[in-house]
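**Q** A structural model of the following input is requested.
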Amino acid sequence: MATAKNPPTILFMGRIFEVPWGGVRELADGLLRSAAPICEAEGRRIQVLVSRRGTCPVKSPAIREVVLPALAWNRALWDHVTVSNHANAQRHAVLFNVKLVLPERLRIPGFTAIHDLMYFPQPAKYDWREYLLADTLYMRWGVRRTVRRAPYTLVASEATARDARELFPEVSPDRFVTIHYGVDQERWRVRDSAAWSEVERIGVRPPFVFHSGGLSRRKNVTVLAIAFREFLKRHPGYQLVITGGAKPTTHDGELRRSLNMIAPGRVIRTGEVSPAALAALYQRAAFFVFPSLYEGFGFPPLEAQAAGCPVICSNATSLPEVVGDSALMFDPKAPAELLRHMESLTNERVRAGLVAKGEENVRRFSWETTARQWLALADRVFAAKNAGR
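**A** Presented below is the predicted three-dimensional model:
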């Protein structure tokens, strides 16, 4: 059994670091960066398992990049064969996959993180399929198998924990452990004039309303477009700036029509931007709008608050848990309610009050706290599995 003096080595499945952006990558990066100094101080070790050298972004005496090139051309085979072969040869270790599914052939203790459960039908929350059918079917099979096998599963929020307990009633509720993610507050506060110049070159000019997070249907950008079109009638100098993929991830004719009805030149679609440019947009936006219908956690509102930007967001799923009373919240199906909040933030006194609340709220989300809870959970998984749970 692991003890404080003899903690297990954590095998961290690291192919997520091949992905340039996204919430799961943000979690992986935040965990490793914050866990590294803790592990150095406590004599812990992490192996980051990758398919090619130089993938791991964190350098530390406590972290060793382990290159496993076999079967790297096929992610499923790499996960289920290559990783499990390496893991099963370790004598005192626990495996962590940041992406939902444990290797099928794994014989050592392991656990995963559930960010959201969009792969599973939840008619009360949404009525569409977010991902390709093959991916959806694979993840439904893999996640269900994983939560039944793992002693514990990390979940991103109490909202996601409730979803998991409803979808997997055969699993004991206490095996879903909520650990909130962190926010790198310093990163979003750094002012970078070169990054702002990059944004200006594509036509962004204050004042502007900002949205980041992509254009999939669950992001509900159509409601923002409808509200912004009305907002322009009284505030014609504003732009609407949208970052993320250049195209919607699902065919959404309603979104396309709504954006096309806004006056020419008033909508700027940036596509993907650098992290520094994203920070510059948060810092200079009049306010940030996040109208999502479903979030397992929701990084963007917290990133905006860390950058000193007031936030309007929907009251759906995990978002009330994450922002509390530090954002103006609205029914994601009510553009008129969103419009009223947008109007209120043209008042500088209201805006300043919301900025102050946001700065206070974001201090609740520390990557160091997240990393310590994650390390403690790894120890629990190791102990529970080896105790025969």
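
**Q** show me where the stretch 101-250 of the chain has its strands.
**A** Assigned by DSSP state E, counting those that start in this stretch, the strands in the stretch 101-250 of the chain fall at 110-114, 153-155, 176-178, 208-211, 239-243.

**Q** mind checking how far residue 194 is from residue 174?
**A** According to Cβ to Cβ, to the nearest Å, residue 194 and residue 174 sit 49 Å apart. Quick note: C-beta positions are derived from backbone N, CA and C, even for glycine.

**Q** same check, this time on residue 243
**A** Taking Cβ to Cβ, one finds residue 243 at 39 Å from residue 174.

**Q** return the most buried member of the strands of the stretch 101-250 of the chain.
**A** Highest mean neighbour count among the strands of the stretch 101-250 of the chain (mean count of other Cβ atoms under 10 Å): strand 153-155, with a mean of 27.

**Q** contacts for it?
**A** 111-114, 146-147, 161, 164, 175-179, 296, 374, 377 (Cβ atoms under 8 Å, 6 or more residues apart in numbering).

**Q** could you rerun that using 7 Å?
**A** 111-114, 147, 161, 164, 175-179, 374, 377 (Cβ atoms under 7 Å, 6 or more residues apart in numbering).

**Q** again, but for stretch 203-214
**A** Against stretch 203-214 from outside (Cβ under 7 Å, 6+ apart): 219, 221, 224, 228, 237-245, 249, 268, 278, 281-282, 284-290, 292, 300, 342.

**Q** of the residues you listed, keep whichever come out buried.
**A** Neighbour-count burial (16 or more other Cβ atoms under 10 Å) applied to the contacts of stretch 203-214 gives 219, 221, 224, 228, 238-244, 249, 268, 278, 281-282, 284-290, 292, 300, 342.

**Q** among those, which ones are in helices?
**A** Those of the buried ones among the contacts of stretch 203-214 mapping onto helices are 221, 224, 228, 278, 281, 282, 284, 300, 342, per DSSP state H.

**Q** what's the closest of those residues to residue 55?
**A** residue 278 (22.3 Å; Cβ to Cβ).

**Q** can you find the helix or strand in the chain with the smallest mean pLDDT?
**A** helix 253-260 (a mean of 79; mean pLDDT, DSSP states H and E).

**Q** buried ones in that one?
**A** Buried, per 16+ other Cβ under 10 Å, within helix 253-260: 255, 258, 259.

**Q** again with stretch 41-58
**A** 44, 45, 46, 47, 48, 49, 50, 51, 55, 56, 58.

**Q** could you work out the most separated pair of those?
**A** Applying Cβ to Cβ across these, the maximum distance is between 44 and 51, 24.1 Å.

**Q** tell me how many other residues crowd residue 158.
**A** By other Cβ atoms under 10 Å, the residues close to residue 158 number 13.

**Q** using JSON lines, lay out the ones in helices among the buried ones among the contacts of stretch 203-214 together with distance to residue 107 and pLDDT.
**A** JSON lines is the format used below for those (distance: Cβ to Cβ, whole Å; pLDDT from 0 to 100):
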{"residue": "221", "distance to residue 107": "45", "pLDDT": "92"}
{"residue": "224", "distance to residue 107": "48", "pLDDT": "96"}
{"residue": "228", "distance to residue 107": "54", "pLDDT": "96"}
{"residue": "278", "distance to residue 107": "41", "pLDDT": "95"}
{"residue": "281", "distance to residue 107": "47", "pLDDT": "97"}
{"residue": "282", "distance to residue 107": "45", "pLDDT": "97"}
{"residue": "284", "distance to residue 107": "52", "pLDDT": "97"}
{"residue": "300", "distance to residue 107": "39", "pLDDT": "96"}
{"residue": "342", "distance to residue 107": "55", "pLDDT": "98"}
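
**Q** need these in a markdown table with distance to residue 370, can you?
**A** Output for these, formatted as a markdown table (distance: Cβ to Cβ, whole Å):
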| residue | distance to residue 370 |
| --- | --- |
| 221 | 29 |
| 224 | 29 |
| 228 | 34 |
| 278 | 21 |
| 281 | 25 |
| 282 | 21 |
| 284 | 28 |
| 300 | 17 |
| 342 | 32 |
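
**Q** understood, closing this out.
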